[in-house]
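Enquirer: Any chance you can model this:
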Amino acid sequence: MDWISDSYVNFASIIDDATLAQNRMTSSMPFVYPHFASMPDAHLGKGCAVGSVLPTLGAIIPAAVGVDIGCGMVAVRTDLTAGDVAHLDRRRLREAIERAVPLSAGNNNKRVGASAQPRIDDLEHDARSAGFDPAGYVRDWRLQLGTLGSGNHFIEVSLDEQDDIWLFLHSGSRGVGNRIALRHIRAAQDYCARRSISLPHRDLAYLEEGTPEFDRYLAELLWAQRFALLNREEMMDRLVRRFTEWVGTPVQERERINCHHNYTQRETHYGKDVWLSRKGAIAADPGRPGLIPGSMGTRSYVVTGRGSREAMDSAPHGAGRGYSRTAARRRFSQDQLRAAMRGIEYRDTPAFLDEIPAAYKDIDVVMRDARELVDVRHTLRQIINVKGD
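Expert: Numbering: from 1, shown residues only. Got it, this is the predicted structure:
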């Protein structure tokens, strides 16, 4: 941990100058209290860096929540071990998962399935209570529930240090959450412009508590966070079903963990109630279970929070990019990706080149930087990886 100023504390040992400058700019906002915290996986983001923990008084910066509201991870520890599946064809399971869960940014379900309907009913009720219609953002939003997306979103089958099998996935609020986020980032920019509020960057535009603009954003934000959590639950239920069919025997869940890493909620820190925005960070208050994935081909971690006061009970959400997607495609080859994925069942395609592990920070360094923030319960290694183009 490195105290850079009274308003900014940094937990990252690997951080570039552009991200440092962005963090200093964010920490200078007048309503930040008590300070801005940069997580070990911090890297440049829209307005506010990914890997940011931002406590604010009386205002929220929509871009500091992120454009994939509620993005996060869910994991299930099963009652099976590596020995129970050693004789099975992993490719068969990967392809079954790819049929069960629509992949890629624009791919939706053909219909609302029976397992998804109760979740859709809950979301429709929540939207009515919040006073808005999600169809105003995405007409077919219901068909997005239970879909993965692309980029760094993934589904994995992994083994822990005792060879217990874990099912693990990463996704968020899909297109409907993205549209909500972008709409309110623009609304915040308009709000600040109308009031002639000077900003260090237009994406640090904010909405003030007690205004209609703030109330509408908060209502829709909370709905999108709920959508993201239920989206992960729906995909995990499908994954468990496909895994059960693959092994041919009932599978018991020993544990399920579902956590956001792009969200805002009311919390108390340093004696005051704040809006705590975690953009690329998970909650890590004492004893709370959490998930920190690496990149494709590297380890992931099941953790418990240590309750770091300086980090506002937070921890990193993953490895954090070291190369932009464009730079990674220029720098690395498909042969290098194949070498990194040796021994892991995955779809061999150049579409995943920008997700090569070398495009990310070293997850081992990130976890060393996080030793004040979390304790590691389990270390997971992948045996099957599923991603969208």
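
Enquirer: could I have stretch 95-102 exported to PDB, CA atoms only?
Expert: What follows is stretch 95-102, C-alpha atoms only, in PDB (Å, rounded to 0.1, in the frame of the first residue of the first chain):
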ATOM      1  CA  GLU A  95     -19.800 -27.700 -26.900                       C
ATOM      2  CA  ALA A  96     -22.900 -28.400 -24.700                       C
ATOM      3  CA  ILE A  97     -22.200 -25.300 -22.700                       C
ATOM      4  CA  GLU A  98     -21.900 -23.200 -25.900                       C
ATOM      5  CA  ARG A  99     -25.300 -24.500 -27.000                       C
ATOM      6  CA  ALA A 100     -26.900 -23.800 -23.600                       C
ATOM      7  CA  VAL A 101     -25.700 -20.300 -23.100                       C
ATOM      8  CA  PRO A 102     -25.800 -17.700 -25.900                       C
END
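
Enquirer: May I see the buried residues of that stretch?
Expert: Applying a neighbour-count criterion of 16 or more other C-beta atoms under 10 Å, the buried positions in stretch 95-102 are 96-98, 100-102. Heads up, the C-betas are built off the backbone N, CA and C, glycines and all.

Enquirer: now stretch 280-292
Expert: 280-285, 288-292.

Enquirer: what's the average pLDDT for it?
Expert: Model confidence over stretch 280-292 averages 98 on the pLDDT scale.

Enquirer: Likewise for stretch 196-211?
Expert: On average, stretch 196-211 scores 97.

Enquirer: Give me the most central residue, this protein.
Expert: residue 72 (3.2 Å; C-alpha atoms, centre = their mean).

Enquirer: Please tell me how far that residue sits from residue 277.
Expert: Counting by C-beta to C-beta, to the nearest Å, the gap from residue 72 to residue 277 is 14 Å.

Enquirer: And for residue 225?
Expert: On the measure of C-beta to C-beta, residue 225 and residue 277 end up 12 Å apart.

Enquirer: if I look at these two, which residues touch both of them?
Expert: By C-beta atoms under 8 Å, 6 or more residues apart in numbering, residue 225 and residue 277 have these common neighbours: residue 263.

Enquirer: Then residue 307 would be within a helix, right?
Expert: No: counting by DSSP: H, G, I helix; E, B strand; the rest coil, one finds residue 307 to be coil, located in no helix.

Enquirer: Identify the single longest strand in this structure, thanks.
Expert: Longest strand in the chain by number of residues (criterion: DSSP state E): strand 374-387.

Enquirer: Now do it: distance to the chain's middle.
Expert: Mean C-alpha position of strand 374-387 versus that of the full chain (C-alpha atoms, centre = their mean, to the nearest Å) differs by 15 Å.

Enquirer: quick one: buried residues of that strand?
Expert: Applying 16+ other C-beta under 10 Å to strand 374-387 flags 374, 378-387 as buried.

Enquirer: Please apply the same query to stretch 19-38.
Expert: By 16+ other C-beta under 10 Å, the buried positions in stretch 19-38 come out as 19-20, 22-27, 29, 31-38.

Enquirer: Helices - which of those land there?
Expert: 19-20, 22-27 (DSSP state H).

Enquirer: which parts of the host helix or strand of residue 275 are buried?
Expert: Under the criterion of DSSP states H and E, residue 275 resides in strand 272-279. Using 16+ other C-beta under 10 Å as the test for burial, strand 272-279 gives 274-279.
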